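Chemist: Quick one: sequence plus predicted model below, questions after.
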Amino acid sequence: MASDAARSEPVRLSAGDPAQGALSTGRVTLVLGGEAVDFELTVPAGPASIEDLLPIFHGLSDLMGDRAIARATASGETLSCKAGCGACCRQLVPVSASEALALAHLVAAMPQPRQAQVRARFDAVLGALAEAGLLDRLSDEGDLRGLGMDYFWLGLACPFLEDESCSIHPDRPTSCREYLVTSPAAACAAPTPTTIDLLPLDGDPSRALLKAEAVIGWSPLVLALTLEDRAGPSARELPGPELLGELLRGL
Ligand code: SF4
């Protein structure tokens, strides 16, 4: 995947491996924050799943984040997020089913002993959640805010957090990419809707993925490894350009 935000050139994003089959490239204009932005998007020409197209959505999240940071900087604000600050990585992180699968596949492809270490961290988090009585509530969408706060106060680091930095930074989910704050970093240690200033983005790639998988809905990141065999809309395959068009309409 590559992105290019130059004004005269389209933003180029790609998903798919030419060694796995033919790719198809097309142009599309998206209106972001009232501005028409041209894109050149490359996806598998043949059947593709949402998981196959995730690099496009990672690129869109990154682009929207960059644009939001530029706007904030121009108006005198400063982004508080930086490497080594992992306070937000103790929150309940929602991911779409396809993103959960992608994380499961990422872990399955890790060499040993790293894979075993990461799996052990997932097991430890799930054990702590069970002990605190929160594990069953993770699939209950009734009181998300209460669940989110109860989860946060347990102080459980994401299994991918190492030395307070994301160890899977290039592959992190869209919701992690879209969480950018200008409020003081200290506020993230006790987040509330009134103390956290989130940067507004020009679109919502993470929500577009969730909408496309509405039958399953969201999953907490910490359950990703338990969803590996789950069948559903994320496993649905359409020709890449058709599936991409459907997903982009949800932005
Ligand atoms: S995936 Fe990375 S950025 Fe997201 S919560 Fe985990 S450590 Fe933090």
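Modeler: Received, thanks.

Chemist: residues near residue 239, how many?
Modeler: Neighbour count for residue 239, taken as other Cβ atoms under 10 Å: 15. The C-beta positions use only the backbone N, C-alpha and C, and glycine is treated the same way.

Chemist: Same question for residue 201.
Modeler: Counted by other Cβ under 10 Å, the residues lying close to residue 201 total 20.

Chemist: wait, what's in contact with it?
Modeler: Residues counted as contacts of residue 201 (Cβ atoms under 8 Å, 6 or more residues apart in numbering) are 61, 64, 65, 67, 68, 178.

Chemist: do that again at 10 Å, thanks
Modeler: Residue 201 is in contact with 32, 33, 60, 61, 63, 64, 65, 67, 68, 177, 178, 180, counting by Cβ atoms under 10 Å, 6 or more residues apart in numbering.

Chemist: A strand includes it, no?
Modeler: No - the assignment for residue 201, made by DSSP: H, G, I helix; E, B strand; the rest coil, is coil rather than a strand.

Chemist: Excluding chain neighbours, what is closest to it?
Modeler: residue 64 (4.2 Å; Cβ to Cβ, 6 or more residues apart in numbering).

Chemist: check contacts around whatever residue of the stretch 1-150 of the chain ends up closest to the ligand.
Modeler: Residue nearest to the ligand within the stretch 1-150 of the chain: residue 89 (3.2 Å; Cβ to the nearest ligand atom). Going by Cβ under 10 Å, 6+ apart, residue 89 touches 156-161, 164-166, 172, 176, 179, 188, 221.

Chemist: Show the pLDDT at it.
Modeler: What the model reports for residue 89 is a pLDDT of 94.

Chemist: Is it in a helix, a strand, or coil?
Modeler: Secondary structure assignment for residue 89 (three-state DSSP): helix.

Chemist: Can you report how many residues neighbour residue 113?
Modeler: Using other Cβ under 10 Å, the number of residues around residue 113 comes to 9.

Chemist: Identify the residues contacting it.
Modeler: Listed by Cβ under 10 Å, 6+ apart, the contact set of residue 113 reads residue 120.

Chemist: if you set the cut-off to 7 Å instead, what comes out?
Modeler: By Cβ atoms under 7 Å, 6 or more residues apart in numbering, no residues touch residue 113.

Chemist: Would you mind measuring from it to residue 170?
Modeler: Taking Cβ to Cβ, to the nearest Å as the measure, residue 113 falls 21 Å from residue 170.

Chemist: follow-up on the earlier one: near the ligand, from the contacts of residue 89?
Modeler: Restricting the contacts of residue 89 to those near the ligand by Cβ under 6 Å from any ligand atom leaves 158, 160, 161, 166, 172, 176.
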